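Trainee: Got a predicted model here, sequence first, then my questions.
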Amino acid sequence: MKKAYLQLHISIFLWGFTGILGRAIDLNEVMLVWYRLVITVAVLIGMALVRKNIQKVSFNELLRISYVGLPIALHWVCFYGAIKYSNVSVGLSCLATVAVFTSFLEPAMTGRKIHLGELFLALFSAAGMYIIFEFSPQFYRTGIILGLCAAFFGSYFSILNKKRAQHHNSPTITLYELSSALLFLTIIMPLYLYFFPQSKILPDNKDWLLLFVFSIFCTVIPFDLSIKALKKLSVYATSLSINLEPVYGIILAFIFFGEQHELNGGFYIGTAMILIAVMVYMFLKHKAEITKIIRR
């Protein structure tokens, strides 16, 4: 059990670096995500050939899995756009609202009732987000909006993945979803570059190095560690621990970029409110699951 917790927290700590690398790589958000997907998918295909752990799926099921790649691509583009237009700390504080969006989206997509406690926490978290938005500099507000869009798409594809995960293993789902995300971005890339010409399309040597670190150490390795940890830990323990990612990321942003000098009291108050809401939300989910088990 201790080894599983260690594996999980190493993976979360590595994910905390995604915002740091996203800011350090000198490419805009769309190009950054495209190159990340190219490298990540290539590595996943190599791993699949060695491990031979990809399951065969029907064409209809392949379409269902591949569809999830669309919100994944939009989630990543919006998240790194949030970082580029504001900073790592603000982007991660917005990302922490995933649980808030889930409290609304999950009932809408699965048919379950909205609980009053979840509604209150969503409003409490929204108030925290409003404080961050209201007290942020004007030029950060585009980043905040993109960060909230990233949280929405993050919640959406997570809910979609719950059903897919019941029928297929994680390597199969991840490979097909990220491959479809790469295909989606590749298809729209010419149109994107036509309307939004970029002065820099090809990464330089520094960017290539960071992209490889990004794809391997912040995507492939933590994914593998988290899957191993999930075999030993409960879903609740895993979900609660993953909520530490914004905390790790913000601390790292303070260390590497000194972002504490760019932030004001409104950011800290708003972020604290969001994190409190997320933790209480996870506690309520855990309590509900325990109640179901007892009733059985």
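Mentor: That came in fine, so what should we check first? Please read these numbers as outputs of a predicted model, since none were measured by experiment.

Trainee: what about Gln166, neighbour count?
Mentor: Residues lying near Gln166 (other CB atoms under 10 Å) number 7. Placement of C-beta: from N, CA and C, glycine included.

Trainee: Distance of it relative to Ile72?
Mentor: 19 Å (CB to CB, to the nearest Å).

Trainee: Ok, Lys232 next?
Mentor: For Lys232, the distance to Ile72 - CB to CB - is 26 Å.

Trainee: And those two? Which one has more around it.
Mentor: Each of Lys232 and Ile72 has its neighbours counted (other CB under 10 Å); Ile72 has more, 25 against 15.

Trainee: if I read this right, the more buried one contacts Glu177, doesn't it?
Mentor: Yes. If you go by CB atoms under 8 Å, Ile72 and Glu177 touch, sitting 5.8 Å apart.

Trainee: shared neighbours of the two, anything?
Mentor: Residues touching both Ile72 and Glu177 (CB atoms under 8 Å, 6 or more residues apart in numbering): Phe157.

Trainee: Quick test: name the residue nearest the centre of this structure.
Mentor: The centre of the chain sits closest to Gly154, judged by CA atoms, centre = their mean, with a distance of 5.7 Å.

Trainee: wait, what's in contact with it?
Mentor: With CB under 8 Å, 6+ apart, Gly154 has these contacts: 75, 79, 95, 98, 101.

Trainee: which residues of the chain score low on pLDDT?
Mentor: Within the chain, the segments meeting pLDDT under 70 span 1, 227, 230-231, 233-243, 282, 285-296.

Trainee: So which elements touch the strand or helix carrying Leu121?
Mentor: Following DSSP states H and E, one finds Leu121 within helix 116-135. When contacts are defined as 3 or more CB pairs under 8 Å, 6 or more residues apart in numbering; DSSP states H and E, helix 116-135 packs onto helix 88-95, helix 98-110, helix 141-165, helix 265-295.

Trainee: now do 7 Å
Mentor: Helix 116-135 sits against helix 98-110, helix 141-165, helix 265-295, with contacts defined as 3 or more CB pairs under 7 Å, 6 or more residues apart in numbering; DSSP states H and E.

Trainee: And the next helix or strand past the second one?
Mentor: Going back to what we said before, that points to helix 141-165. Past helix 141-165, the next helix or strand by DSSP H and E is helix 170-195.

Trainee: Give me the buried positions along that following helix.
Mentor: Buried residues in helix 170-195, defined by neighbour count with 16 or more other CB atoms under 10 Å: 170-185, 192.

Trainee: now stretch 37-51
Mentor: Residues 37, 39-41, 43-44, 47 are the ones in stretch 37-51 that count as buried (16+ other CB under 10 Å).

Trainee: tally of neighbours for the residue lying closest to Leu14 once chain neighbours are set aside?
Mentor: Excluding the flanking residues, the one nearest Leu14 by CB to CB, 6 or more residues apart in numbering is Pro222, at 4.3 Å. Counted with other CB under 10 Å, residues neighbouring Pro222 total 23.

Trainee: Quick check: which element contains Pro222?
Mentor: With DSSP H and E as criterion, Pro222 is part of helix 221-230.

Trainee: gap between Trp76 and Leu210?
Mentor: Distance of Trp76 to Leu210, computed by CB to CB: 16 Å.
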